[in-house]
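Engineer: What would the 3D arrangement of this be:
(2 chains)
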Amino acid sequence: MYLNRIIVKFGGQSGQGINSVGTILTKSLNRAGYYTFSNREYPSLIKGGFANYQIDISNSSINSSSKKTNILCCMSKNSLNQYITDVLPNGVVIYDAQTLELEPQEQEYVKENNIKILNIDSKEVAKQNNAPAIMANAVLAGLVWKILKQKIEILTDEVEEMFKDKNIDMEAEKACLLAGYNTPLYVENLSQSIDTEKLKRTSEKKITMTGNDGVSLGALAGGMRAFFGYPMTPATSIFKFLGESANESKIVVKQAENEITAIQMAIGAMYMGTRAMTATSGGGFDLMSETISCSGISETPLVIVLAQRIGAGTGVPTWTGSGDITAAVKTAHGDFPRCVIQISDAKSAFTLTQKAFNIADKYQLPVIILTEKQIAEGLFSIDSLPPIEKIERGLQQGENRYQITESGISPRWIPSQDEKPYLHTSDEHNEDGHSTENAQEVYEMSKKRDKKMNLLKDEIAEPEYFGSPKAKTVLVGSGNTKNPILDIITNNLSSEDIAYLHYEYIYPTKTEKLTKLAQEGKRIILVENNQTGQLGKLITEESGYQFNEKLLKYDGRPFFIEDILNYLEGKSI
Amino acid sequence: MSIDINMYSTNKQPTWCPGCGNFAIHVSLKKALMELNISPSQAFISFDIGCNGNGADTVNTYAFKGLHGRAIALATGAHIANRKYTVVADIGDGACFHEGIDHLINAIKSNYDMTILIHDNQNFALTTGQATVTTKQGKKMYALPEGKPERDIDINQLILSLQPTFFAKAYSGDPQQLTEIIKKGIEHKGCSVIQISQTCPTYNKECTPQWFNEHIIKLETLSQYNNSSLEDAQKLAKEMAQTGKIYTGIIHQHSNTPTFYDRLESRKDIQSELVDEVQEYDITQLLKYCN
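Structural biologist: Numbering: from 1, shown residues only, chains lettered A, B, ... in the order given. Next comes the predicted model:
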């Protein structure tokens, strides 16, 4: 079996319901007990353009996409041309039209690779079932479900549950699913190469969630009571989750007039002693940077999610990358302490968001949580979420809010009518919070704040090592880089024994483990979804260690499993 | 506990120029808090950057001196986190009408329950006298030897166009009236905007106390003025723009617009404040909101 998975890809235009058919199938597969990873690619426009949805299916936990596919289901000519040569030998192409015109080289590819082609006019089928044209995607879902040799009840049950509170004609929807499933166009040999038998599910129903769902749930579990947002892809769905669930979570969700307001509201709410958060992408983050600096000097806890997409400026708004690591670590003026954490999947999103709040509270500084489009909007399937972290706030009474202490951490208490009031200020200040220009006081207060970084560095975890200790090759990365590499290691997909060193805590930067591996003579490869190896630069800055080998990808696409394997085999990616 | 005015002051001395209107504004704010029986530990003041913000060191309440132009936005977050606090945003005309004009507009529209004090000295004073939108067109200012080229913005009309629930004008030279207005502003449930004309003897030499005395008319002297009528307020604003007069008092107030918080469905019937609710939450029931 190809990479220990079966891959289904839908292609078409924005507005054709590709996202919805992909989500229906993903959730149905998770309901059936399969593990999946689903990735959605779409243009920055509402109708038309070019969109696809890929579902990788496995019997063990997977978190990455492959480049190739077993079943390609195309709802536009454009997507057929784009993806047909990615279909694996003996694969299936479903083309949503009565006739199919292939280019000569495509015909050649189809013939050489024994690819089976099925034409179905799903809109016509929907019409015959008294359903609107938009339900054509349900016909395709039913057909793919059949090719995957799954029980129809699982699909219809899932759809019923998904749409139960929505204004949708369930009878028509179900009729379309069944019409696709039972279409006379289906022949047994379509499923021949689709080896679902080998993928026999081993356990219970899986939970389906995006990385942004994980962040939202983590924030709520960790006692976040206010969220201040402003739309920007790929952070926006955090806003959606928290807004749609607010009547149950009872938190305040506020769409601010801009990103500066959002982060200012967050810092004001944090000063008062609740837990608040904001989330944005690169451009919005730049606007927030002055407040991050203010949080640093005023020692006001702050938590910001920076959901990365590729490129400077507006970049490529709906595509992935991890090119904002440097921005997260270095943005904003002045010297001040901060913490930067990078999540890699739904589970780590859940746990690290809670830890971010604990760090912000205890160390009284800004914490930036990095995610990226591939994680933020990718659908992960998990058995369960990790246990909830204990809340730690480090609150204590004191005489002076900015008391100089050995650890660098000053007493902080929640404003209360029974307690002594205090001033937080973005001016440099003395121990009682009043502004100062005195050289000794300026020096001492700045030094006090810097001390917190030593303590924080002691607390945070070393990067985690995955794979055999004997492996001669060690890949190093952070964020989504982990997912294809770990899928390779766990499923023994590489001919060579490899290991992976994963950074969750980006800043302060721990380097002992890495330099030790380098000293042992391992082949170290830096793997990053950006142009300049930004994590690598931080490690070099901290340790002096220079990476000789770097695998960098910055075309808006994530690392596919094949990219890593090809690189290890010395081929171009 | 009995409250006296000294409790609102730290041991720091103000750094303002002699004759600065800020002295009276901050004294009036402290007096208003005292007379309303709001202790230093029950108030939160969000100071902006500028001469007014330099008073932060002298005021003893919970406070945050944040970033230029952002006092209102920060105050909003504080208010949402704990509505038991009396929240005041203390900001100058430069910060409020330039860097942070969006915050003023949205605070009024959202009707957050807080009070905004605008110290209007008609210039950026701390950076030594640059023009603001309230500086008269043609007036020679820092780096403008030929005078400010732009037209003025009619702040009264701007604010009134947003249908504020409380808009007052006051003068630093009349601290008694100012104190009363601040008290009314704090007591008002909703966003109270108080624009305070103030003296700036260093960078606004034209507007002397005498000048203000010649231009200011107290609203209470008008026999027929209904401040609950937005139309009347707009007529008054027009008159101010045409004549250069400044009316002081509550220009407009109405109470039939709910506050932002009161409109939140998610907080309906909840008595606690967000600051009281930080704890671990079981999120099992929320899994259904996943994508």
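Engineer: list the buried ones in the helix or strand hosting residue A:564?
Structural biologist: Using DSSP states H and E, the element containing residue A:564 is helix A:561-568. Neighbour-count burial for helix A:561-568, counted by 16 or more other CB atoms under 10 Å in any protein chain shown, picks out A:561-565, A:567-568. For every residue, glycine as well, the C-beta is placed using N, CA and C.
Engineer: of those, closest to chain B?
Structural biologist: Chain B lies nearest to residue A:561 out of these, by CB to the nearest CB, at 22.9 Å.
Engineer: As JSON lines, the buried residues of helix A:561-568 with distance to residue A:97 and pLDDT would be great.
Structural biologist: As requested, the buried residues of helix A:561-568 are exported to JSON lines (distance: CB to CB, whole Å; pLDDT from 0 to 100):
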{"residue": "A:561", "distance to residue A:97": "31", "pLDDT": "96"}
{"residue": "A:562", "distance to residue A:97": "30", "pLDDT": "96"}
{"residue": "A:563", "distance to residue A:97": "32", "pLDDT": "97"}
{"residue": "A:564", "distance to residue A:97": "36", "pLDDT": "97"}
{"residue": "A:565", "distance to residue A:97": "35", "pLDDT": "97"}
{"residue": "A:567", "distance to residue A:97": "38", "pLDDT": "97"}
{"residue": "A:568", "distance to residue A:97": "40", "pLDDT": "96"}
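Engineer: Quick check on whatever residue of the stretch 51-200 of chain A ends up closest to chain B: phi, psi?
Structural biologist: The minimum distance from the stretch 51-200 of chain A to chain B, using CB to the nearest CB, falls at residue A:161 (9.2 Å). Note on residue A:161: its backbone torsions stand at phi -70, psi -40 [degrees, to the nearest 10].
Engineer: And it, what's its pLDDT?
Structural biologist: The predicted local distance difference test score for residue A:161 is 93.
Engineer: Equivalent analysis for residue A:203, please.
Structural biologist: Per-residue pLDDT puts residue A:203 at 67.
Engineer: Kindly report the same for residue A:200.
Structural biologist: 69.
Engineer: before we move on, back to that, what are the C-alpha coordinates of the helix holding residue A:564, in PDB please?
Structural biologist: Extracted in PDB, the C-alpha atoms of helix A:561-568 (Å, rounded to 0.1, in the frame of the first residue of the first chain):
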ATOM      1  CA  ILE A 561       5.500  12.900   2.700                       C
ATOM      2  CA  GLU A 562       7.200  12.500  -0.700                       C
ATOM      3  CA  ASP A 563       9.100  15.700  -0.300                       C
ATOM      4  CA  ILE A 564      10.900  14.300   2.700                       C
ATOM      5  CA  LEU A 565      11.400  10.800   1.300                       C
ATOM      6  CA  ASN A 566      12.700  12.200  -2.000                       C
ATOM      7  CA  TYR A 567      15.200  14.400  -0.300                       C
ATOM      8  CA  LEU A 568      16.500  11.600   1.800                       C
END
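Engineer: got the contact list for that helix?
Structural biologist: Here helix A:561-568 makes contact (CB atoms under 8 Å, 6 or more residues apart in numbering or on different chains) with A:3, A:64-68, A:473, A:475, A:484-485, A:487-488, A:493-496, A:498, A:525, A:527, A:551, A:553, A:572-573.
Engineer: Quick one, which of those are buried?
Structural biologist: Here, 16+ other CB under 10 Å leaves A:3, A:64-68, A:473, A:475, A:484-485, A:487-488, A:493-494, A:498, A:525, A:527, A:551, A:553 buried among the contacts of helix A:561-568.
Engineer: Wait, residue A:295 touches residue A:288, no?
Structural biologist: No. Residue A:295 is beyond contact range of residue A:288, at 9.7 Å (criterion: CB atoms under 8 Å).
Engineer: what number of residues lie near the residue of the stretch 51-200 of chain A closest to chain B?
Structural biologist: 12 (other CB atoms under 10 Å in any protein chain shown).
Engineer: show me the contacts for it.
Structural biologist: Residue A:161 makes no contacts at all, as judged by CB under 8 Å, 6+ apart.
Engineer: And for residue A:407?
Structural biologist: Residues counted as contacts of residue A:407 (CB under 8 Å, 6+ apart) are A:451-452, A:455.
Engineer: How about residue A:17?
Structural biologist: Contacts of residue A:17 were listed using CB under 8 Å, 6+ apart, and they are A:134, A:136-137.
Engineer: Can you tell me which of the residues you listed is closest to residue B:246?
Structural biologist: Proximity of those to residue B:246 (CB to CB) peaks at residue A:134, which lies at 60.9 Å.
Engineer: Could you report the pLDDT at the residue nearest to that closest one when sequence neighbours are not counted?
Structural biologist: Leaving aside its sequence neighbours, residue A:134 sits nearest to residue A:17 (CB to CB, 6 or more residues apart in numbering or on different chains; 5.8 Å). pLDDT, residue A:17: 87.
Engineer: okay, now whatever residue of the stretch 101-250 of chain B ends up closest to chain A: neighbour count?
Structural biologist: In the stretch 101-250 of chain B, no residue comes nearer to chain A than residue B:106, which is 4.4 Å away by CB to the nearest CB. When counting by other CB under 10 Å, one arrives at 20 neighbours for residue B:106.
Engineer: Cool, thanks, signing off.
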